[in-house]
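1. Here is a sequence with its predicted model. Questions after.
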Amino acid sequence: MIDAFSKKVTGLIKKNLNDITPEKEEVIDYGIKILVYETIVIASAFSAALFFGVFKYFLAVFLIYSILRMVEGGAHMNSRIKCIATYAAIIFGSIFLSKNIYIASPYYSIPVFLINFFAAYKYAPGDSLEKPILKKKLKVKLKVLSLIVITVLSLGSFILWYSDKILFNAALITSLSVTFLLSPIGYRFAKCQRGS
C-alpha cells in the first residue's frame, strides 16, 4: 500500500518536473515511503497512548528516545515490521516499567548516567552500512551533542525524582534502551552492521 502510493506520487512529480533522473526518482520514492511510514507509525503510537491514558509519559519517552536517537544513532532493524515492533516495545515497555517499579533514591540515576555517558563516548554516533556517517567533523559534533544531551537528561532526571517518579523512571529506562541499540550487543540483536 505504501509502496504503491509512493510510486504514484513519485510518478506525478516526475511527470511535472523535467529534470528527474532515475537516481533522483529513486531518492524521491524512498523519501515519500519513509515520510508516509513514519507518519503512520507516529500517529498510531500517539493514538495508542491517548487510548491507554499514558499520553504524558508517552510524550516524555517519545521525546527522549527521538532526541537521543538523532544524536547517538545506533542499530536499525532490517525490516519495517521489526522496526515497528522494537519501537513499540521500547516506547510502551519503558512506560509500563516506569509505572510498575519503585526506585527509592534519585542516586540510582548516577550509575545509569555513567553507563550512558561511557557508551556514548565510546560508540556514538552509531551508523549503519545503509546510512554511514562519513564526515569526521559531523561524527565529532554528534558525539559532543550526545554527551551534552545525556548529561542534561541525567541532571533533569535527578531533579524529576522529587516531583514525578514515573517520569524519572521513564527517562532512565528510555536512555538505557537507546544505549543498548548503540552498543555492539544492540547491533548484533538488530543484525545491523556499523557503517564506519
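-> Cool, the structure landed.

2. Now the spatially most central residue of the chain. Nearest residue, chain neighbours left out?
-> The residue lying closest to the centre of the chain (CA atoms, centre = their mean) is residue 69, at 3.9 Å. Excluding the flanking residues, the one nearest residue 69 by CB to CB, 6 or more residues apart in numbering is residue 178, at 6.0 Å. (Each C-beta comes from the backbone N, C-alpha and C, glycine too.)

3. and the gap between the one you found and residue 32?
-> In this view, residue 178 and residue 32 are 27 Å apart by CB to CB, to the nearest Å.

4. So which of these two has more stuff around it?
-> Applying other CB atoms under 10 Å to residue 178 and residue 32 shows that residue 178 carries more neighbours, namely 28 against 19.

5. what helix or strand is the nearest residue to residue 108 once chain neighbours are set aside on?
-> Spatial nearest neighbour of residue 108, excluding adjacent residues (CB to CB, 6+ apart): residue 172 at 7.4 Å. Using DSSP states H and E, residue 172 maps to helix 165-182.

6. Show me what secondary structure element comes after that helix.
-> Past helix 165-182, the next helix or strand by DSSP H and E is helix 184-190.

7. Show me what that next one packs onto, helices and strands only.
-> Judged by 3 or more CB pairs under 8 Å, 6 or more residues apart in numbering; DSSP states H and E, helix 184-190 is in contact with helix 165-182.

8. Go again with 10 Å.
-> Judged by 3 or more CB pairs under 10 Å, 6 or more residues apart in numbering; DSSP states H and E, the packing partners of helix 184-190 are helix 80-100, helix 109-123, helix 165-182.

9. max-length helix in the chain?
-> helix 22-52 (DSSP state H).

10. Residue 179 and residue 40: what is the separation?
-> 27 Å.

11. scratch that, residue 96
-> Distance from residue 96 to residue 40, by CB to CB: 23 Å.

12. related to what we said a few turns ago, neighbour count for residue 179 and residue 40, which is higher?
-> The neighbour count for residue 179 versus residue 40, taken as other CB under 10 Å, is higher for residue 179 (23 against 13).

13. give the contact list for that one.
-> Contact analysis of residue 179 by CB atoms under 10 Å, 6 or more residues apart in numbering lists 68, 72, 74, 112, 115-120, 123-124, 150, 186.
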